[in-house]
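Visitor: predicted model, plus sequence, below.
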Amino acid sequence: QVQLVESGGGLVQAGGSLRLACTASGRTFSNYAMGWFRQAPGKEREFVAAISKSGGSTNYADFVKGRFTISRDIAKNTVYLQMNSLKPEDTAVYYCAGRFAVSVHSIWYNSADYASWGQGTQVTVSS
């Protein structure tokens, strides 16, 4: 499986922005659909955003639509999550995940569908 390492988390005030990055190694990154999930203390891990292996298809959880943008740079083996207009309820550990994909357009929403996971990066939004 592909190995994933997240970066870019930190502490930000409400209304601010952060860009998370997830760099892949060990396999051909362009063969993998990618997703971002998050887990707040005492809560289950939840879907945030996903992107197809081609980058041509994306989807978002309703609570981040219009605020977060997922993208990928094949040349850099990296997927990004640009987070704008952050809210205190966005505070969580953010994980990137990868899944080998045959279709160039397929994306997945369920964490059980992803085989590769990063270690997570903490995002804290203060009010």
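Guide: Sure thing, it's come through.

Visitor: is the spatially most central residue of the chain bridged to anything, and to what?
Guide: The residue lying closest to the centre of the chain (Cα atoms, centre = their mean) is residue 36, at 2.3 Å. For residue 36, the beta-bridge partners are residue 49, residue 96 (DSSP bridges).

Visitor: so who does it touch?
Guide: 20, 22, 48, 49, 50, 70, 79, 81, 94, 95, 96, 97 (Cβ atoms under 8 Å, 6 or more residues apart in numbering). No exception for glycine: its C-beta is placed from N, CA and C like everyone else's.

Visitor: quick one, strands of the chain?
Guide: For the chain, the strands defined by DSSP state E occupy 3-7, 10-13, 18-25, 32-39, 46-51, 58-60, 68-73, 78-83, 92-100, 116-117, 121-126.

Visitor: between the ones you listed, which one is closest to residue 106.
Guide: strand 32-39 (6.0 Å; Cβ to Cβ).

Visitor: quick one, which of the strands of the chain is packed in tightest?
Guide: strand 32-39 (a mean of 25; mean count of other Cβ atoms under 10 Å).

Visitor: just the angle for it relative to strand 92-100, thanks.
Guide: 160 degrees (axes from the mean of the first three to the mean of the last three Cα atoms, to 10 degrees).

Visitor: between strand 32-39 and strand 68-73, how many degrees?
Guide: Using the same axes, to 10 degrees: strand 32-39 against strand 68-73 is 150 degrees.

Visitor: just the C-alphas of strand 32-39, formatted as CSV.
Guide: Output of strand 32-39 as CSV, limited to C-alpha atoms (Å, rounded to 0.1, in the frame of the first residue of the first chain):
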residue,chain,number,x,y,z
TYR,A,32,-4.9,6.1,-5.9
ALA,A,33,-8.1,7.9,-5.1
MET,A,34,-7.6,10.0,-2.0
GLY,A,35,-9.8,11.2,0.9
TRP,A,36,-9.6,13.4,4.0
PHE,A,37,-11.3,12.4,7.2
ARG,A,38,-11.4,13.9,10.7
GLN,A,39,-12.0,12.7,14.2
